[in-house]
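In: Need coordinates for the following:
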Amino acid sequence: IAAVDAMRFGKAVITAPITLVQLSDKTQQSFLLLVPIYRSWVTPDTEKKRTEECVGWAFSPLWMQEVLVNLPTDPELFYINLKDTAEEDSSSFFSNDQNFSSNQALYCQEIEFDIFGRKWHLDYGVKPKYVTSLNHLNPFMIFLFGGCISILLAILAHTLGLNYLNREKNQLQQAQLASLVESAPDAIIGIKLNGLVTSWNNAAEFIFGYQATDTIGKYLDKIFFSHNDSVNLKELLNKLGQGKTIDHHTTKWSHLDGHYIDISISAAPLFERKKIIGASLAIRDITAQKAAETLILSLNQDLEGQVKERTEELQNTNRFLVNLLNSATDNLIMQFDLNGLVLIFNTGAEKILGYKAKEIVKQKSFLNFISNEDIHSRGNELNKEFGHLKNELSIFITKPQKEGSEIREWNFIHADGRQIPILLSVTPVRNQEDVITGYLGVGNDISERKLAEQVLKESDNRYNMAFSGAGVGLWDWNIKNNKRPSNNN
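Out: Numbers count the residues shown, from 1 in each chain. Presented below is the predicted three-dimensional model:
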């Protein structure tokens, strides 16, 4: 019951009076002080967790005679009787005089108190012989002395309990520390300054393949062979012997099967009374980390080569496109984004419109180069065909969006203010996801062609007027089809 209570409530508890095997003649005069041990460092905060995580108890046997050894318990002078009232049978479990009762004692004191989960009842008094030995002192003084003794007894019992509790607490902390070391993911090895192994945890067994029974009591340099002769165990031990710590020192040590393991060592000296008596090594297996670093380095080198190669390809392609655009000196090539901002203005555009690319690119809108009359006229046509357009730029991009391209004559504004007729083809520019990101306009200056057409038209008109006025018949004869078209005359 005491063990279960200690586990449930997470505190030290004493048992009911028991008889120790080694004190079989002292019946029911002993008890056990029990302290629960849990898996975690901290006592769980609920009874359910405490019940689930309890792994055992630390206990200490106590004999009442030893507990009271420093108190005045002479049966000829004093009467002491202790009862455990937590049980239904609350008979006395300790009395320094079985043949004496509290009714016979002088100035008898009765005290009930809780001690580590039990309720005790104490009867304490003095015998007539004690009063006689005091040479008939004042009875009040005797009473006062008895009260002081009772208080001192209670304090002493409490102090004794604390001492035992502290001892068990230290043992528990040591057990928890040992459990932590054993469950650590890193190999933790305890050594003396001469390299003799004193402790070897489970992770060390897993990493290096050696069992603790095969290593404890042996020297490290007889177990491992350092892969790097310039960094050996003696140098590490010398540093630790000087009180220095070692942080993340990387090297290679041999496994039981002979292959080498990449490890990182952190070590610190162990002190006892300000004297270095050994060291603790924390060793981490970094083989996988080293392999990953090598792989990443290789991938980075490959990636750098690919990036360099791709960059060169893009640069060559870009130079080719720039040269191609600039070589088209008789063609106007302009690219503009979804807002109409000019992104490309080639040499042909500079030649035809009289502007420099640096004045236009990312500074001017494509709409700035088209005559307002053409914009309004074409806008009215498209409004009738497609409904109301949301802006002027839609006049140029609606048809290319719907039909893929549009070829149309526009009057462009030259830098000197004159208008130049341009036969312009507008097509969408798409990215890799087939999303339109802008538009490309390619055009030719058709000023000379329109002038030639005008001259030809005027010449034809004069020719027809001359023949009509002369009253002369005129016809053509096509030899291939034997037809003779003629004029009205």
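In: how about the strands in the stretch 251-400 of the chain?
Out: Secondary structure of the stretch 251-400 of the chain, counting by DSSP state E, counting those that start in this stretch: strands at 260-272, 275-285, 331-337, 342-345.
In: just checking, what packs against the host helix or strand of Leu165?
Out: Secondary structure assignment for Leu165, by DSSP states H and E: helix 139-183. Using 3 or more CB pairs under 8 Å, 6 or more residues apart in numbering; DSSP states H and E as the contact criterion, the elements in contact with helix 139-183 are strand 30-38, strand 54-63, strand 106-115, strand 118-126. C-beta coordinates here come from the backbone N, C-alpha and C atoms, glycine included.
In: Quick check: closest non-adjacent residue to the residue sitting nearest the centre point of the chain.
Out: When CA atoms, centre = their mean is applied to the chain, the residue found nearest the centroid is Gln289 (17.2 Å). For Gln289, the nearest residue in space outside its immediate sequence neighbours is Asp262; the separation is 7.5 Å by CB to CB, 6 or more residues apart in numbering.
In: Next, count neighbours for the one you found.
Out: Neighbour count for Asp262, taken as other CB atoms under 10 Å: 18.
In: just to revisit the earlier point, TSV for the strands of the stretch 251-400 of the chain, including mean pLDDT?
Out: Shown next, in TSV, are the strands of the stretch 251-400 of the chain (pLDDT from 0 to 100):
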stretch	mean pLDDT
strand 260-272	87
strand 275-285	88
strand 331-337	92
strand 342-345	93
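In: returning to that earlier point: is it possible to get a markdown table of the helices and strands packed on helix 139-183 that adds distance to Asp285, mean neighbour count and mean pLDDT?
Out: As requested, the helices and strands packed on helix 139-183 are arranged in a markdown table below (distance: least, CB to CB, whole Å; neighbours: other CB atoms under 10 Å; pLDDT from 0 to 100):
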| stretch | distance to Asp285 | mean neighbour count | mean pLDDT |
| --- | --- | --- | --- |
| strand 30-38 | 30 | 22 | 86 |
| strand 54-63 | 29 | 16 | 85 |
| strand 106-115 | 51 | 14 | 79 |
| strand 118-126 | 52 | 20 | 81 |
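In: mind checking which of the ones you listed is nearest Tyr210?
Out: Among the helices and strands packed on helix 139-183, strand 54-63 comes nearest to Tyr210, with 27.5 Å by CB to CB.
In: List the strands paired with that closest one, with their directions.
Out: strand 30-38 (antiparallel) (DSSP bridges).
In: So which residues make contact with the strand it pairs with?
Out: Counting by CB atoms under 8 Å, 6 or more residues apart in numbering, strand 30-38 makes contact with 2-3, 6-7, 10-20, 23, 44, 50, 53-64, 116, 161, 164-165, 168-169, 172, 175, all of which sit outside it.
In: and Asn461, that's in a helix?
Out: Yes - counting by DSSP: H, G, I helix; E, B strand; the rest coil, Asn461 is found in a helix.
In: Now for it, how many residues are close by?
Out: Asn461 is surrounded by 10 other residues when neighbours are defined as other CB under 10 Å.
In: follow-up on the earlier one: quick one, what contacts the residue nearest to Gln289?
Out: Asp262 makes contacts with Thr250, Lys252, Asp285, Ile286, Thr287, Gln289, Lys290, as judged by CB under 8 Å, 6+ apart.
In: Most neighbours of all these, which one?
Out: Sorting the contacts of Asp262 by how many neighbours each has (other CB under 10 Å) puts Asp285 first, at 20 neighbours.
In: Tell me the spacing between the closest residue to it other than its chain neighbours and Leu220.
Out: Closest residue to Asp285 in three dimensions, ignoring its sequence neighbours and counting by CB to CB, 6+ apart: Ile207, at 4.9 Å. Counting by CB to CB, to the nearest Å, the gap between Ile207 and Leu220 amounts to 14 Å.
In: Ok, Ile265 next?
Out: The span separating Ile265 from Leu220 equals 11 Å under the rule CB to CB.
In: in which helix or strand would I find the closest residue to Gly241 other than its chain neighbours?
Out: Nearest residue to Gly241 in three dimensions, chain neighbours excluded: Leu193, at 5.0 Å (CB to CB, 6+ apart). Leu193 is located outside every helix and strand, with elements delineated by DSSP H and E.
In: tell me the pLDDT at Leu193?
Out: You'll see Leu193 listed with a pLDDT of 84.
In: residues in contact with it?
Out: Contact partners of Leu193, counting by CB under 8 Å, 6+ apart, are Leu237, Leu240, Gly241, Ile276, Ile277, Gly278, Ala279.
In: what's the closest of the residues you listed to Asp445?
Out: In terms of CB to CB, no member of these lies closer to Asp445 than Leu240, at 87.9 Å.
In: who's in contact with that closest one?
Out: Contact analysis of Leu240 by CB under 8 Å, 6+ apart lists Leu193, Ile246, Ala267, Ala268, Pro269, Ile276, Ala279.
In: Could you list everything the nearest residue to it once chain neighbours are set aside pairs with in the sheet?
Out: Nearest residue to Leu240, sequence neighbours excluded (CB to CB, 6+ apart): Ala279, at 4.3 Å. On the basis of DSSP bridges, Ala279 is bridged to Ile191, Pro269.
In: measure Ala279 to Leu237 for me?
Out: Going from Ala279 to Leu237 by CB to CB gives 7 Å.
In: Among these two, which residue is more densely surrounded?
Out: In this view Ala279 and Leu237 are compared by other CB under 10 Å, and Ala279 has more residues nearby, 23 against 20.
In: Distance-wise, check Leu237 relative to Leu220.
Out: From Leu237 across to Leu220, the span is 8 Å (CB to CB).
In: If you could redo that for Ser365, that was the one I meant.
Out: The span separating Ser365 from Leu220 equals 79 Å under the rule CB to CB.
In: One more: Asn202?
Out: In this structure, Asn202 lies at 18 Å from Leu220, with CB to CB as the measure.
In: Over to Ser60?
Out: The separation that Ser60 has from Leu220, given CB to CB, amounts to 38 Å.
In: What of Asn339?
Out: Between Asn339 and Leu220 the distance is 73 Å, computed by CB to CB.
In: Gln363 too?
Out: 75 Å.
In: Look at the two and report which has more neighbours.
Out: In this comparison of Gln363 against Leu220, neighbours counted by other CB under 10 Å, the higher total goes to Leu220 at 20 against 11.
In: ok, and the closest non-adjacent residue to the more buried one?
Out: Computed as CB to CB, 6+ apart, the closest residue to Leu220 that is not its neighbour in sequence is Gly195, at 4.5 Å.
In: Now for the one you found: which residues touch it?
Out: Counting by CB under 8 Å, 6+ apart, Gly195 touches Tyr219, Leu220, Asp221, Leu233, Leu237.
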